[in-house]
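>>> Build me a model:
(2 chains)
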Amino acid sequence: MFSVLICDDSQVARKQVAKCLPQDWDVAVHFARHGEEAVAALAEGKGQLLLLDLNMPVMDGYQVLEHIQSHGLTTAVIVISGDIQPEAHERVKKLGALEFIEKPIKPDVLSALLSKHKLFAKQEVAPAPQLDRLDPNLRDCYQEITNIAMGQAGDHLARILNVFVKLPIPNVNLIEASELTMMLQDIEDKETVSGICQGFVGAGVCGEALFILSDSSFSDVAQILNIEDEVDDRVQLELLMDAANILIGTCLNGLATQLDMHFSQGHPVVLGQHRNITELINTNRARWRRTLAIELSYGLEGYKVQCDLILLLTEESLKVLNHKLSHLLED
Amino acid sequence: MSKELLSDMTEFHWMMDMLQTVDVGLVVLDRAFNIKLWNGFMESHSGLLPSQVREKCLFDLFPEIDQKWFSNKCRPVFDLKNRAFIIWEQRPYVFKFSNYRPLTGTEDNMYQNITLSPLTSTTGKVDNICMMIYDVTDVAASKKMLESAQVTLNEWHERT
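Here you go, the predicted model:
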């Protein structure tokens, strides 16, 4: 798969750039916080296209360009910088950059340059019917039914583990495919994680539950469950599955009861163990455009345990759900 | 006999027939892990007739099943009415069934994904659970092959 490396010291800028990548571009996106990380990523073969900032700590953009030139790397580089001095333009062009884009970056500018250099050809697709923004009242409804469902899930987890579960406020959003990766990056920026996903379907509503446990949680979870054996990969997978079974199962049950329906659940699939979040998701790059994401992050009081449950519902499901929820909105 | 009743009976009969022949293992267990139901899939792969297993304890018949581990998996199903899933990546199998395809089978044993689902009694309590056993040998074999190919590719990549 074509890989794009975004190098910028600002997280906001990295997100901004990722957001500007063409929606229907099937690429793996990697991130670097400064030049040194970028050079390391390039050495691993991540980044056939590098979107590079200039002013950064540790190693700046000019140094990265010099490195690419001196090592004869084939990476295509587009510089994205707030430095709008003509001198800067010229210098980066001399150092082998294809183009220079001024911040703030605009999607159409980037996509025009990508097609100019034959990096990405825009496919003519019929525009998908635009879903209206999530009605604030409906969002309230989703938030409320999730609140109830995850309260039950938290209670179940607490009863099985015998600990106090810190309940989160559910985050309900309509998101675009490209935003999922960014949303997940908010969860874990540095840590490696392990993840399970499981499809669910019932009467016109379908989606996928994504369960993510940060790797640093395992030793505490093992302690809570009195596991004396060495916590190797196999034990960790057991713990991951046990937690996922309880949280996904009870959360879906809770939602189903309130919606007066029933969900069947498919076989869980291991997304990966000890990976970073982009790797987990890139392996199954989304085929959808928009989804309703319900994001829940649980913590256990007194322990260093962090897990996230994300329910992603397809666009088609929303019509059914909205209809089912409409009775809650009536006075 | 009325027409409706007859048709209900026929449907019920069909349903039973399908459960008996479906290529998924179905077992019903009580809280003491005694076997209450054992369908055709289980009979074929284990070689044990329903009459040989009914009311007998699962762990006595299949000593290869880790009792503590399996009871732990079943606890949330009984206590919380929550479905639980066991996948082949955790343990390749729960029931040691041997590969039954001499020509195209590549593995010695059947890889299994298992769903544990609560069965609510008329009183609303969960006294029995249902175990569904899926044969995922082909999936597991392809995944393992893919992974080993990736390892070979990486090694080759590092050497050059």
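
>>> A:Ser115 is in contact with A:Ala121, correct?
Yes. The criterion here is Cβ atoms under 8 Å, and A:Ala121 meets it with A:Ser115 at 5.9 Å. Using the backbone N, CA and C atoms, a C-beta is placed for each residue, glycine as well.

>>> Looking at those two, which has the bigger crowd around it?
Legend: neighbour count by other Cβ atoms under 10 Å in any protein chain shown for A:Ala121 and A:Ser115, higher for A:Ser115 (13 against 10).

>>> in a helix, that's where the more buried one is, yeah?
Yes. Judged by DSSP: H, G, I helix; E, B strand; the rest coil, A:Ser115 forms part of a helix.

>>> Tell me the pLDDT of A:Ile68.
For A:Ile68, the pLDDT comes out at 91.

>>> Is the residue nearest in space to the middle of chain B bridged to anything, and to what?
Closest to where the C-alpha atoms of chain B average out (Cα atoms, centre = their mean) is B:Ile133, at 1.6 Å. Counting by DSSP bridges, B:Ile133 is bridged to B:Gly25, B:Ile114.

>>> Pretty sure it sits against B:Asp23.
No. With contacts counted by Cβ under 8 Å, B:Ile133 stays clear of B:Asp23, the gap being 10.2 Å.

>>> anything in contact with each of the two?
Jointly contacting B:Ile133 and B:Asp23 under the rule Cβ atoms under 8 Å, 6 or more residues apart in numbering or on different chains are B:Phe41.

>>> and after the lowest-mean-pLDDT helix or strand in chain A, which helix or strand comes next?
Ranked by mean pLDDT, DSSP states H and E, the helix or strand of chain A with the weakest confidence is helix A:277-282, at a mean of 60. On the C-terminal side of helix A:277-282, the closest following helix or strand by DSSP states H and E is strand A:290-300.

>>> tell me which residues in that following strand are buried?
Residues of strand A:290-300 classed as buried: A:Arg290, A:Thr291, A:Leu292, A:Ala293, A:Ile294, A:Glu295, A:Leu296, A:Ser297, A:Tyr298, A:Gly299, A:Leu300 (neighbour count, 16 or more other Cβ atoms under 10 Å in any protein chain shown).

>>> who in chain B is up against chain A?
B:72-73, B:75-76, B:79-87, B:89-90, B:113, B:115, B:134, B:136 (Cβ under 8 Å from any Cβ of the partner chain).

>>> same thing but 7 Å
Chain B comes close to chain A at residues B:Pro76, B:Leu80, B:Asn82, B:Arg83, B:Ala84, B:Phe85, B:Ile87, B:Glu89, B:Gln90, B:Asn113, as judged by Cβ under 7 Å from any Cβ of the partner chain.

>>> Columns secondary structure, neighbour count and pLDDT on top of the residues you listed, output as JSON lines?
JSON lines is the format used below for the residues of chain B next to chain A (DSSP: H, G, I helix; E, B strand; the rest coil; neighbours: other Cβ atoms under 10 Å in any protein chain shown; pLDDT from 0 to 100):
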{"residue": "B:Pro76", "secondary structure": "helix", "neighbour count": "23", "pLDDT": "86"}
{"residue": "B:Leu80", "secondary structure": "helix", "neighbour count": "23", "pLDDT": "84"}
{"residue": "B:Asn82", "secondary structure": "coil", "neighbour count": "25", "pLDDT": "86"}
{"residue": "B:Arg83", "secondary structure": "coil", "neighbour count": "24", "pLDDT": "90"}
{"residue": "B:Ala84", "secondary structure": "strand", "neighbour count": "23", "pLDDT": "92"}
{"residue": "B:Phe85", "secondary structure": "strand", "neighbour count": "23", "pLDDT": "93"}
{"residue": "B:Ile87", "secondary structure": "coil", "neighbour count": "23", "pLDDT": "92"}
{"residue": "B:Glu89", "secondary structure": "coil", "neighbour count": "20", "pLDDT": "89"}
{"residue": "B:Gln90", "secondary structure": "coil", "neighbour count": "21", "pLDDT": "88"}
{"residue": "B:Asn113", "secondary structure": "strand", "neighbour count": "22", "pLDDT": "93"}
